[in-house]
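Undergrad: Show me the folded form of this:
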Amino acid sequence: MFLTLAVASFIWSCKTGPSSSKKDEVDVLIDLVNVKDDKVMVTIATPTFTTETTTFNIPKTVPGTYSEDNYGKFIENVQAFDANGNGLTITKLTENTYKISEATKLSKVTYLVNDSFDTEKGGGFGQSEDVFSPAGTNIKAGENFMLNTHGFVGYFEGKELSPYKLTITHPATLQGVSALVDTDDSSDKDVFISKRYAELVDMPLMYSKPDITTFMVDDMEIIISVYSPTGKYTAADITPNMETMMNAQKRFLGPINSTKKYAILLYLSEANEVDAKGFGALEHTTSTTVVMPEGMELEQLQEQLKDVVSHEFFHIVTPLSVHSNEIHYFDFINPKMSEHLWMYEGVTEYFANLFQVNQGLIDEAEFYERMSQKIQQSKMMNDKMSFTKMSKNVLKAPYKDQYVNVYQKGALIAMCMDIIIRENSNGEKGILNLMQDLSKEYGSKKPFKDEELFAKITSLTYPAVGAFLNKYVAGETPIPYEEFFEKMGVTKTTIEVPGNAFLKDMQVPYISVDPGTREIFFLPSIEPNDFMTNLGIQGDDRLLYVNDIEANLQNIENIIVSSFSWKDGDPVTVKIKRDGKEQELKGTVKLPKENREGYQSTDENKKTVREGWLKG
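TA: Below is the predicted model:
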């Protein structure tokens, strides 16, 4: 039985009528039972074609990834048949595209799918040629299937708007979770109907042994499904924190209510040679896929999920409710990117931080520290590059190397817009009000034109907002952040903050790689930090494991990323090798203290407008 979430408008209604020789529906069968050599068979019963040839595509790029991942490289043995089972000529044109001859006779297409998790070499989003794990696929026969459907199901050129019927046969011991509606009551077969291809691939599915929780956030139903290979964690372990967080998000959002259902699919990776190594999440309209290392301690996992899932959940505002033609009519083979990543990712990332101070999950000082870190990190990128130009060209050099800045400068752009609106409304309105107004203006079914957005925003807010967008977002002028903070009575200062166990000043590594043995080791040339001395780590010690996660070239980046959530007093176990002998060092985290540029509120005359900004 398939546990479902649904929005009624997503259901494709069909009425039985007289038979017709013309068929428009695309019928897809994914067989998760007869898995051979770690490959899944997909069979597509095709619609009727009136042309002599047709083109079959597997996506090159999908919404939310901003990279060319070429999912066709995971497809093999593509064959085409007529109604009598006779083979038709099929020619591979590119890694993602096939030309089929005698298309008027075409009855079905079959192919095998490999999963992407098995091929990952390691590295985070933007730092690796791998498919970003939350946008990838997993095939683990009888145990787990991560079905980001864009990795399994293709489409025929000119038939993107045809309805899709997806049938999945699966072991009865596995249960699927998705935002799709199962129209079949069988315990080993699920059937889903989608209006068009883009809707189908916006709905990921995860099959595993049932580990599911559900709860309500006001009138929105949330479902959480967890796959933990060793059983270390369950959905019940993370649900209380998720429920607290999502209730806070819903209170923050107020009247924005684009979906009544939301699914969180959490895959916990063992991070070994044949498992996912890119940790994070990918948003979908009514769900998010999340990949995290199973080896993390629960508190660290919960902290990571708070930031990652909250970001993805806020995507129900943009691009779900507010998006351009480029997203609404997404081209999976030759994508045309929107100019407005500052909004899709930047506003979303800003909300993921602002709501936490707004709802009392973090204090004012922590919020300023987060924004200060984003300023420092953004200045390591090309601070003079037009953000709209970067967004429009994000799939190609030199712009793609600047993509990660959408989470830094993109969020800061949103912060400055928020401050301008607060200043002009005496603290009564902010960027959330703007996004509410844009949602009313457009909504999920009405896209805007890229070139018209700035004018629309200006008409809904103030001329100063439009001037800011043209100068600092479309233009090449670096943003003077101190000027904007001063509008809220916040000034620049020097603050003491916790550092990182592996990076001095968040930049200089305490560790390196031995080119001969490929081992990770602590540099003897740099003075040990508090984390190292507290555990007894010495220079030249070989790092073997951190909290049961193996330290190697494939996943050291993910270990470092997870360490950013460490706090003083957290339990930690580090296995090292010193002078050829292995040692296990158990203790607690003691983070080094570092002095950094930061911000603090100083002007009490601006307290009203500042509280409107942070607490309004």
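
Undergrad: Every contact and neighbour count from this point should use C-alpha atoms.
TA: Will do.

Undergrad: The closest residue to Arg370 other than its chain neighbours and Asp307, how far apart?
TA: Ranked by CA to CA, 6 or more residues apart in numbering and with sequence neighbours excluded, the top spatial neighbour of Arg370 is Asn353, at 7.9 Å. Noted for Asn353: a distance of 8 Å to Asp307, by CA to CA, to the nearest Å.

Undergrad: the more surrounded of the two?
TA: Counting neighbours by other CA atoms under 10 Å for Asn353 and for Asp307 shows that Asn353 has the greater number, 21 against 16.

Undergrad: Identify, by residue count, the longest helix of the chain.
TA: Secondary structure of the chain per DSSP state H: the longest helix is helix 235-253.

Undergrad: Show the low-confidence segments of the stretch 151-300 of the chain, by residue range.
TA: The model of the stretch 151-300 of the chain has pLDDT under 70 over residues 257-258.

Undergrad: So which residues of it form helices?
TA: Taking DSSP state H, counting those that start in this stretch to define them, one finds helices in the stretch 151-300 of the chain at 197-200, 235-253, 298-313.

Undergrad: what would those helices look like in a markdown table with distance to Thr43?
TA: As requested, those are exported to a markdown table (distance: least, CA to CA, whole Å):
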| stretch | distance to Thr43 |
| --- | --- |
| helix 197-200 | 16 |
| helix 235-253 | 33 |
| helix 298-313 | 32 |
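
Undergrad: Of those helices, which is nearest Asn86?
TA: Asn86 lies closest, by CA to CA, to one member of these: helix 197-200, at 27.0 Å.

Undergrad: List the contacts of that closest one.
TA: Contacts with helix 197-200, where a contact means CA atoms under 8 Å, 6 or more residues apart in numbering, come from 149, 155, 160-164, 194, 330.

Undergrad: Phe145 is in contact with Tyr207, correct?
TA: Yes. Counting by CA atoms under 8 Å, Tyr207 touches Phe145, with 5.0 Å between them.

Undergrad: Just give me the neighbour total for Ile316.
TA: Applying other CA under 10 Å, I find that Ile316 has 23 neighbouring residues.

Undergrad: Going by distance to Leu544, which of the contacts of helix 197-200 wins?
TA: Sorting the contacts of helix 197-200 by distance to Leu544 puts Thr149 at the head of the list, at 36.3 Å, by CA to CA.

Undergrad: Point to the residue nearest the middle of this structure.
TA: Leu282 (2.2 Å; CA atoms, centre = their mean).

Undergrad: Can you name the residues that contact that one?
TA: Listed by CA under 8 Å, 6+ apart, the contact partners of Leu282 are 64-65, 134-135, 288-290, 312.

Undergrad: related to what we said a few turns ago, can you tell me which of the contacts of helix 197-200 is nearest Phe74?
TA: When those are compared for distance to Phe74 (CA to CA), Thr149 wins out at 12.7 Å.

Undergrad: Now do that closest one against Phe132, distance only.
TA: With CA to CA as the criterion, Thr149 and Phe132 are 15 Å apart.

Undergrad: out of the two, which sits in the more crowded spot?
TA: Per other CA under 10 Å, whichever of Thr149 and Phe132 has more neighbours is Phe132, with 29 against 18.

Undergrad: Please enumerate the strands of the stretch 401-550 of the chain.
TA: 490-498, 503-504, 508-509, 511-513, 520-522, 542-546, 549-550 (DSSP state E, counting those that start in this stretch).

Undergrad: To Lys140, which of these lies closest?
TA: strand 549-550 (20.7 Å).

Undergrad: Would you mind listing where this protein has pLDDT under the threshold?
TA: Short version for the chain, where the test is pLDDT under 70: 1-21, 122-128, 257-258.

Undergrad: Could you measure from Ala135 over to Asp211?
TA: Ala135 is 21 Å from Asp211, where distance means CA to CA.

Undergrad: the more surrounded of these two?
TA: Using other CA under 10 Å as the criterion, Ala135 and Asp211 rank with Ala135 on top: 28 against 16.

Undergrad: Please determine how far the more buried one is located from Ala411.
TA: Look at Ala135 and Ala411: by CA to CA, they are 23 Å apart.

Undergrad: before we move on, what about Asp548?
TA: From Asp548 across to Ala411, the span is 34 Å (CA to CA).

Undergrad: Among the contacts of Leu282, which ones are in strands?
TA: Mapping the contacts of Leu282 onto strands (DSSP state E) picks out 288-290.

Undergrad: nearest to Met532, of those residues?
TA: Closest approach between the ones in strands among the contacts of Leu282 and Met532, by CA to CA: Val290, at 31.0 Å.

Undergrad: need the contact list for the closest one.
TA: When contacts are counted by CA under 8 Å, 6+ apart, Val290 touches 134, 264-267, 279-282, 309.

Undergrad: mind running it again at 10 Å?
TA: When contacts are counted by CA atoms under 10 Å, 6 or more residues apart in numbering, Val290 touches 133-135, 226, 264-268, 279-283, 305, 308-309, 312.
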